[in-house]
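[1] Below are the sequence and a predicted model; questions follow.
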Amino acid sequence: MAEQTQRDSIYLRLARELRAAILRQDFPEGVRLPTEAELADRFGISRQTVRRAFQDLVAEGLVHRVPGRGTFATPREEQYLRQFGSVDDLMGLSIDTRMQLVTPMHQRVDVDAAGRLGLHSDRVHKVAFLRLHEDTAFCHTSVFLPPEVGRLLESVPELAEPGTAGATTVIGLLDERLPEPIAEAEQSITVAAADAGIAGHLGCEPGRALLRIDRVYQSAAGRLVELAVSHFLPEHYSYRVRLRRSGR
């Protein structure tokens with residue numbers, strides 16, 4: 001079981017590195033990615049492990065395979081469909097997207113958010129922003145933080161002025177400042193109608209069905225450090241998860 005878990009970790013790490021390189025456009029159109037044999041030799045792993053990583057990228061639409069020629073990145077205009085499978089993937093949003101501030105960091109009373117963060121008071125810090133890819137907004141996110149966590153970000157320039165854009169993520173900013181790293185997130189996915197404000201930011205009609213993704217992040221010490229409520233245009237989001245049979 002431990003050996004299987006280690007193999008899974010290696011192939012996921014390779015897939016993540018290749019995904020990041022593709023999104024950085026290290027392999028522009030027409031440039032072949034390294035072969036299975038080349039990657040196996042470079043990383044000291046089996047070709048089967050490399051093949052599993054490629055299969056993930058093919059499923060995500062990031063690469064396509066041409067018999068007799070090799071594996072190539074999907075043309076840029078066809079490939080943008082964001083998939084998340086780990087906290088590292090979420091932090092990696094800064095690779096190919098930008099965060100544009102809508103509502104600066106501020107304190108407010110929010111009973112629901114405070115309750116979900118397990119706070120003893122109703123006060124939280126809140127910030128709201130858009131996530132853009134090539135200047136097109138595909139996600140609106142409201143982030144709620146416990147007061148002691150919010151204070152860590154009060155002086156961050158990217159969170160101070162509406163309209164400020166930058167290549168960063170809130171969890172990335174927190175991970176640099178918290179005494180312990182962010183270790184996991186509990187996620188729920190529902191459908192929600194776009195209200196007038198979110199519709200205006202995402203360029204869709206009010207009432208449009210959006211994917212609502214709620215995530216509560218937890219540090220390695222078990223502390224709840226962030227609640228993020230995101231509304232995605234569904235054509236720009238997909239979700240993947242690995243399922244295993246129990247007892248095997």
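    Here it is on my side, so go on.

[2] all strands in this structure, in order from the N-terminus.
    Taking DSSP state E as the criterion, the chain contains strands spanning 63-66, 70-73, 82-84, 98-109, 123-133, 136-145, 165-166, 182-193, 209-219, 224-232, 237-239.

[3] Would you single out the least confident of these?
    Note on those: strand 82-84 shows the lowest mean pLDDT, a mean of 45.

[4] before we move on, the earlier item: would JSON lines of the strands of the chain with mean neighbour count and distance to L14 be doable?
    Backbone N, C-alpha and C define where each C-beta goes, glycine included. Below are those laid out as JSON lines (neighbours: other C-beta atoms under 10 Å; distance: least, C-beta to C-beta, whole Å):
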{"stretch": "strand 63-66", "mean neighbour count": "14", "distance to L14": "13"}
{"stretch": "strand 70-73", "mean neighbour count": "19", "distance to L14": "13"}
{"stretch": "strand 82-84", "mean neighbour count": "18", "distance to L14": "16"}
{"stretch": "strand 98-109", "mean neighbour count": "17", "distance to L14": "27"}
{"stretch": "strand 123-133", "mean neighbour count": "20", "distance to L14": "24"}
{"stretch": "strand 136-145", "mean neighbour count": "22", "distance to L14": "27"}
{"stretch": "strand 165-166", "mean neighbour count": "14", "distance to L14": "29"}
{"stretch": "strand 182-193", "mean neighbour count": "13", "distance to L14": "22"}
{"stretch": "strand 209-219", "mean neighbour count": "19", "distance to L14": "25"}
{"stretch": "strand 224-232", "mean neighbour count": "21", "distance to L14": "27"}
{"stretch": "strand 237-239", "mean neighbour count": "15", "distance to L14": "20"}
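
[5] Relative to its centre, which residue of this protein is most distant?
    G68 (34.1 Å; C-alpha atoms, centre = their mean).

[6] Number of residues surrounding R24?
    Using other C-beta atoms under 10 Å, R24 has 10 neighbouring residues.

[7] so who does G203 touch?
    A137 (C-beta atoms under 8 Å, 6 or more residues apart in numbering).

[8] confidence score at it?
    Confidence at G203, expressed as pLDDT, is 93.

[9] what comes up buried for stretch 41-52?
    Across stretch 41-52, burial judged by 16 or more other C-beta atoms under 10 Å covers 45, 49-50, 52.

[10] hmm, who's touching that stretch?
    Here stretch 41-52 makes contact (C-beta under 8 Å, 6+ apart) with 7, 10-11, 14-15, 34, 36-37, 39-40.

[11] mind checking the end-to-end distance for it?
    End-to-end distance for stretch 41-52, by C-alpha to C-alpha, to the nearest Å: 16 Å.

[12] what distance separates that stretch from the centre of its chain?
    Chain-centre distance of stretch 41-52: 25 Å, with C-alpha atoms, centre = their mean, to the nearest Å.

[13] mind checking how far L153 is from L62?
    In this view, L153 and L62 are 32 Å apart by C-beta to C-beta, to the nearest Å.

[14] more neighbours, the two?
    Comparing L153 with L62 by neighbour count (other C-beta under 10 Å), the higher total belongs to L62, at 22 against 19.

[15] Got the confidence number for that one?
    78.

[16] and what of L173?
    We have a pLDDT of 91 for L173.
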